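Asks: Below are the sequence and a predicted model for it; my questions follow.
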Amino acid sequence: MTDVRDRISLDHPKSWYAATAVPHPLYPPLAGRVTTDVCVIGGGYTGLSAALHLAEAGVGVVLLEAGRVGSGASGRNGGQIHTGQRRDQDWIEAHMGRDDARKLWDLAEDAKALLHDLIARHRIDCDLRPGLIVADHKPGYVAHTHAYVRKLAEVYGYPHARPLSRDELAALVGSDAYYGGMIDHGAGHLHPLNLALGLAKAASRAGARLYEHSRAVRITEGARVVVETEGGGAVEADWVLECGDGLQDGLDARVDRHVMPIANYIAATEPLGERARQIIANDAAVADSRFVVNYYRLSRDGRLLFGGGETYRRTLKADPGSFVRPYMLKIFPQLADARIEYGWGGVLGITMTRMPFVRRLSPRVLTASGYSGQGVMLAPLYGKILAEAVRGVVGAFDLLARAPAPAFPGGRLMRWPLLAAGLSYYALRDRL
Ligand SMILES: Cc1cc2nc3c(=O)[nH]c(=O)nc-3n(C[C@H](O)[C@H](O)[C@H](O)COP(=O)(O)OP(=O)(O)OC[C@H]3O[C@@H](n4cnc5c(N)ncnc54)[C@H](O)[C@@H]3O)c2cc1C
């Protein structure tokens, strides 16, 4: 079977993000054999944050990135900063009990605080803006959303979310596709690639050694762990942190069984000028309640960045802009004449439960992956948590390791058709 890695470009795609990226250096490929304390695999938010926090603590760290730093999901995503874990507190309470649910809530709030702190401390220029609207596409969902806002306030002490009636939502989002929802002023959005590039710069400055175009192809565990790269280089380390998320598929079966790659897509219109504010009246991002979620926001130059549609295959669509356009027009038919100037796809890792897969794979090999579409806010903290675990601080790591993320059914061969069938069923329900 063709591997997902063969088909995804190892450079930044022709996205609006790449077109507006801050200047960034080319990090060299690894040559020869190097020795260090920790080898980090993957230059997205998880790996970059782990490398940064290790280097700041004086730990030797080498980071291997198969493509360019931020060329994975971290440089291609919707930039939406959510609140909480990917599953809501009701689900976590039911599956992990109230104590752990409370701790996971607090951890997610810590993740937001860390994100803001990293951006401020390292002066990362990434257009951080507050506000996220959740828009219900079925009338029956609205009462639940409003009850959840009340629960967050009463049980979790979260004061930043407010329910929206149909009329209030319509005043903010220029679409008649929705029946109500909520606005969360504690959430927000940012330029995802510039966040990744800023983290890379901070990690490098702190002393982490970053290598691009250096795909890890083999991990051999003995007295120390040796990671070999495609180009013939090798890193000998005490610890390995696997932070490749969906794009790591094929490197380590212990992760592959629990984290599967799927593709998701974004289109950017031409600048909409005056019309932009008729699409979204304030500066918030929007995510709707569909299983295959539509998520969108305005760029700083007044384009609509619209994410919609996903594919359950190992390849990306050849023309992502045309693929996303019908999803956009279903919500905003008034944009039929707006040119799509950029379209791109990316690969993200999902788990069976949509809770992240944070595990000790063996005594000295750890992973944090499978954020299931919620890594912008969570991944920087979970990378930091890996760094802490290396240094013997394991409270948060152990909490996350308790989150259920069972193996996908079907084994290596059958997991793809089973996943596609399962997810397509839910995608179909969006249209009913
Ligand atoms: C289109 C799209 C939209 C999304 N929208 C949102 C959103 O709005 N909000 C949100 O919270 N989340 C969103 N996500 C998910 C989010 O982007 C991810 O959860 C997050 O970026 C994960 O970060 P990461 O560092 O774990 O993985 P990545 O950013 O994927 O980084 C992993 C890196 O590891 C490298 N790698 C893999 N294998 C190897 C190897 N063997 N050797 C060396 N390097 C390797 C890859 O090249 C890659 O750069 C979206 C994802 C996509 C694709």
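Replies: That came in fine, so what should we check first?
Asks: residue contacts, the residue of the chain most remote from its centre?
Replies: Distance from the C-alpha centroid of the chain peaks at residue 223, with 33.7 Å (Cα atoms, centre = their mean). Going by Cβ atoms under 8 Å, 6 or more residues apart in numbering, residue 223 touches no other residue. Bear in mind the C-beta positions are built from the backbone N, C-alpha and C, glycine included.
Asks: give me the element it is part of.
Replies: Secondary structure assignment for residue 223, by DSSP states H and E: no helix or strand.
Asks: and it, how far is that from the ligand?
Replies: Using Cβ to the nearest ligand atom, to the nearest Å, residue 223 is found at 23 Å from the ligand.
Asks: ok, now residue 85?
Replies: Residue 85 is 11 Å from the ligand, by Cβ to the nearest ligand atom.
Asks: Hmm, that residue is touching residue 106, no?
Replies: No - between residue 85 and residue 106 there is no contact under Cβ atoms under 8 Å: 11.0 Å.
Asks: Who has more neighbours out of these two?
Replies: Per other Cβ atoms under 10 Å, whichever of residue 85 and residue 106 has more neighbours is residue 85, with 25 against 13.
Asks: ok, and that one, which helix or strand is that part of?
Replies: With DSSP H and E as the criterion, residue 85 is inside neither a helix nor a strand.
Asks: measure it to residue 78 for me?
Replies: According to Cβ to Cβ, to the nearest Å, residue 85 and residue 78 sit 17 Å apart.
Asks: Doesn't residue 415 belong to a strand?
Replies: No - counting by DSSP: H, G, I helix; E, B strand; the rest coil, residue 415 is not found in a strand; it is helix.
Asks: Excluding covalently adjacent residues, which one is nearest to it?
Replies: Counting by Cβ to Cβ, 6 or more residues apart in numbering, residue 408 is the residue found nearest to residue 415 once chain neighbours are left out, at 4.5 Å.
Asks: what sits against the one you found?
Replies: Counting by Cβ under 8 Å, 6+ apart, residue 408 has contacts 257-258, 260, 352, 415, 418-419.
Asks: Repeat that for residue 213.
Replies: Counting by Cβ under 8 Å, 6+ apart, residue 213 has contacts 10, 29, 65-68, 231.
Asks: As PDB, could you dump the C-alpha coordinates of whichever helix or strand residue 17 is part of?
Replies: Per DSSP H and E, residue 17 falls inside helix 16-19. Below are the C-alpha coordinates for helix 16-19, written out as PDB (Å, rounded to 0.1, in the frame of the first residue of the first chain):
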ATOM      1  CA  TRP A  16      -2.100  31.800   2.100                       C
ATOM      2  CA  TYR A  17       0.000  31.000   5.200                       C
ATOM      3  CA  ALA A  18       3.200  30.300   3.200                       C
ATOM      4  CA  ALA A  19       2.600  33.400   1.100                       C
END
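Asks: mean confidence for it?
Replies: Mean pLDDT, computed over helix 16-19, is 97.
Asks: do the same with stretch 82-96
Replies: Mean pLDDT, computed over stretch 82-96, is 97.
Asks: and what of stretch 378-385?
Replies: In this model, stretch 378-385 has a mean pLDDT of 98.
Asks: is the ligand contacted by that stretch?
Replies: Yes - Stretch 378-385 reaches the ligand (Cβ under 6 Å from any ligand atom) through residue 379.
Asks: quick one on the thing from earlier: distance of the residue nearest to residue 415 from residue 255?
Replies: Taken as Cβ to Cβ, the span from residue 408 to residue 255 is 12 Å.
Asks: Check which helices and strands the host helix or strand of residue 378 sits against.
Replies: Here residue 378, judged by DSSP H and E, is contained in helix 375-390. Packing partners of helix 375-390 (3 or more Cβ pairs under 8 Å, 6 or more residues apart in numbering; DSSP states H and E): helix 45-56, strand 80-81, helix 89-121, helix 192-206, strand 239-242, strand 357-362, strand 365-369, helix 395-401.
Asks: now that helix against helix 45-56, angle please.
Replies: Taking axes from the mean of the first three to the mean of the last three Cα atoms, to 10 degrees, one finds helix 375-390 and helix 45-56 inclined to each other by 40 degrees.
Asks: Just want the angle from helix 375-390 to helix 192-206.
Replies: 20 degrees.
Asks: Output helix 375-390 as PDB, nothing but the C-alphas.
Replies: Output in PDB follows, covering the C-alpha atoms of helix 375-390 (Å, rounded to 0.1, in the frame of the first residue of the first chain):
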ATOM      1  CA  GLY A 375      -3.700  20.600  18.300                       C
ATOM      2  CA  VAL A 376      -3.300  24.400  17.900                       C
ATOM      3  CA  MET A 377      -4.000  25.000  21.500                       C
ATOM      4  CA  LEU A 378      -3.100  21.600  23.000                       C
ATOM      5  CA  ALA A 379       0.000  20.600  21.200                       C
ATOM      6  CA  PRO A 380       2.400  23.200  22.500                       C
ATOM      7  CA  LEU A 381       1.500  22.200  26.100                       C
ATOM      8  CA  TYR A 382       1.600  18.500  25.400                       C
ATOM      9  CA  GLY A 383       5.100  18.900  23.900                       C
ATOM     10  CA  LYS A 384       6.100  20.700  27.100                       C
ATOM     11  CA  ILE A 385       4.600  17.800  29.100                       C
ATOM     12  CA  LEU A 386       6.800  15.400  27.200                       C
ATOM     13  CA  ALA A 387       9.800  17.500  28.000                       C
ATOM     14  CA  GLU A 388       8.800  17.500  31.700                       C
ATOM     15  CA  ALA A 389       8.400  13.700  31.600                       C
ATOM     16  CA  VAL A 390      12.000  13.300  30.400                       C
END
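Asks: nearest residue to the spatially most central residue of the chain other than its sequence neighbours?
Replies: Most central in the chain under Cα atoms, centre = their mean is residue 375, positioned 3.0 Å from the mean C-alpha point. Distances taken as Cβ to Cβ, 6+ apart place residue 45 nearest to residue 375, at 6.2 Å, with adjacent residues excluded.
Asks: Count the residues that sit near residue 206.
Replies: With other Cβ under 10 Å as criterion, residue 206 counts 17.
Asks: Of the helices and strands packed on helix 375-390, give the one that comes closest to residue 335.
Replies: Among the helices and strands packed on helix 375-390, strand 80-81 comes nearest to residue 335, with 19.9 Å by Cβ to Cβ.
Asks: That closest one pairs with which strands, and in what direction?
Replies: With DSSP bridges as the test, strand 80-81 is paired with strand 181-189 (antiparallel).
Asks: Give the rounded mean pLDDT of the partner strand.
Replies: 98.
Asks: Touching that strand from outside, list them.
Replies: The contact list for strand 181-189 (Cβ under 8 Å, 6+ apart) reads 78-83, 112, 128-136, 142, 145-146, 148-149, 158, 160-164, 169, 172, 284-285, 289, 297, 377.
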